[in-house]
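Undergrad: below are the sequence and a predicted model; questions follow.
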Amino acid sequence: MEKQMTIHSHDLDLAATIHFPSCKRDRAIRQPSQYPLIIICHGFVGSRIGVNRLFVKAARELSDAGFAVLRFDYGGCGESTGDYGAGGLEALIEQTRHVIDYGLEIEGVDPEGVILLGHSLGGAVSILTAGVDPRVKTLVLWSAVAHPFHDIVRIVGKKAYEESVRSGAVDYLGYSLSTNFFASLSRYHPFQQAKHFTGDVLLIHGSHDEVIPVEYCFLYQKLFALRKVNSHCEKEIIHQADHTFSSIDSTDRLLRKTRDWLSHVHKGVRAVYDPLPIGHPKAPDVS
């Protein structure tokens, strides 16, 4: 069951899609207010669709496994209004929190089951959001950025960054990236914030990622392992996968690992769901 919607974040309209599992509303097994919610946070100048429809595939796979999944476009990306990066990295964190607000108002969502799934820069934003928002209980990080300023400057190129310093902004693939945007990236350090998150974490990275170093995955694992909490962190390196897991095999392995791990962490989720047709009277209300 899928539905398009708009989420308001100050003066922005964020385009979003909710995927809800069809289910038996058997109160003896699971209350209908206990669907874990996965929020997908896309990367730098990306969208809620993802490269090769990665986030569409992920949302459908995970909703079939018994999770509610909400994917959205950050301001200035995809179908959302606004200019990307206009408010800096702070704005991306705030938009993510507004999406959490919206998701928790949907009937059937478990307020204790909020999961952020972030890819690339969206992974860094997920960590930073989780560090300031205790509603986030679980993190899934795909090819996560670790040093926002250095990683994004490496992506856009040093010349483009220097142009933004000289002119106040630079045109990158049709996006106007301001000096203030780059300055905001330098103020945040996901590695340092990671130690403050107390929930479970899944790290996945492609061995052939040429955009974000696979070494970050190992460093994140060490940092999360140092936490003095009763939570665990698991790492998965997908052999020959690139930054966006763009082959059929790497996508399948990525989604299978994510689904199985989340189903284990949120035990009993898949066992209570049976398919129901869209529009069935017992399907959850997402209006």
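TA: That came in fine, so what should we check first? Just so you know, these numbers come straight off a predicted model, no measurement behind them.
Undergrad: dihedrals phi and psi, the spatially closest residue to A225 that is not a sequence neighbour?
TA: Counting by CB to CB, 6 or more residues apart in numbering, A225 lies nearest to C233, which is 5.8 Å off, once chain neighbours are set aside. Just so you know, the C-beta spots here come from the backbone N, C-alpha and C atoms, and that holds for glycine as well. C233 adopts backbone torsions of phi -130, psi 130, taken as degrees, to the nearest 10.
Undergrad: now C233: how far from Y172?
TA: The gap separating C233 from Y172 is 33 Å, by CB to CB, to the nearest Å.
Undergrad: cool, Y220 as well?
TA: 27 Å.
Undergrad: ok, G82 next?
TA: 16 Å.
Undergrad: likewise for G108?
TA: Taken as CB to CB, the span from G108 to Y172 is 40 Å.
Undergrad: can you check D83 too?
TA: 12 Å.
Undergrad: helices of this protein, start to end?
TA: 54-64, 88-104, 121-132, 148-156, 158-167, 179-186, 190-194, 215-225, 248-265 (DSSP state H).
Undergrad: now do the first one: everything it contacts.
TA: By CB atoms under 8 Å, 6 or more residues apart in numbering, the list of residues contacting helix 54-64 from outside reads 1, 17, 19-21, 38, 40, 42, 48-50, 69, 71, 117, 119, 244-245, 251, 255, 258-259, 262.
Undergrad: avg pLDDT for that helix?
TA: Helix 54-64 carries an average pLDDT of 97.
Undergrad: list the buried residues in it.
TA: 54-59, 61-64 (16 or more other CB atoms under 10 Å).
Undergrad: do the same with the fourth one
TA: Residues 148-149, 151-153, 155-156 are the ones in helix 148-156 that count as buried (16+ other CB under 10 Å).
Undergrad: contacts for it next, please.
TA: Outside helix 148-156, the residues that reach it (CB under 8 Å, 6+ apart) are 44, 89, 121, 124, 145, 161, 170, 172, 177, 182, 185-186, 188, 190, 211-212.
Undergrad: quick one: mean pLDDT over that helix.
TA: pLDDT averaged over helix 148-156 gives 98.
Undergrad: just the CA coordinates of that helix, formatted as CSV?
TA: C-alpha atoms of helix 148-156 as CSV (Å, rounded to 0.1, in the frame of the first residue of the first chain):
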residue,chain,number,x,y,z
PRO,A,148,30.8,16.0,5.5
PHE,A,149,33.0,19.0,4.5
HIS,A,150,35.9,17.0,3.0
ASP,A,151,33.6,14.3,1.5
ILE,A,152,31.3,16.8,-0.3
VAL,A,153,34.2,19.0,-1.5
ARG,A,154,35.8,15.8,-2.9
ILE,A,155,32.6,15.0,-4.7
VAL,A,156,32.0,18.5,-6.2
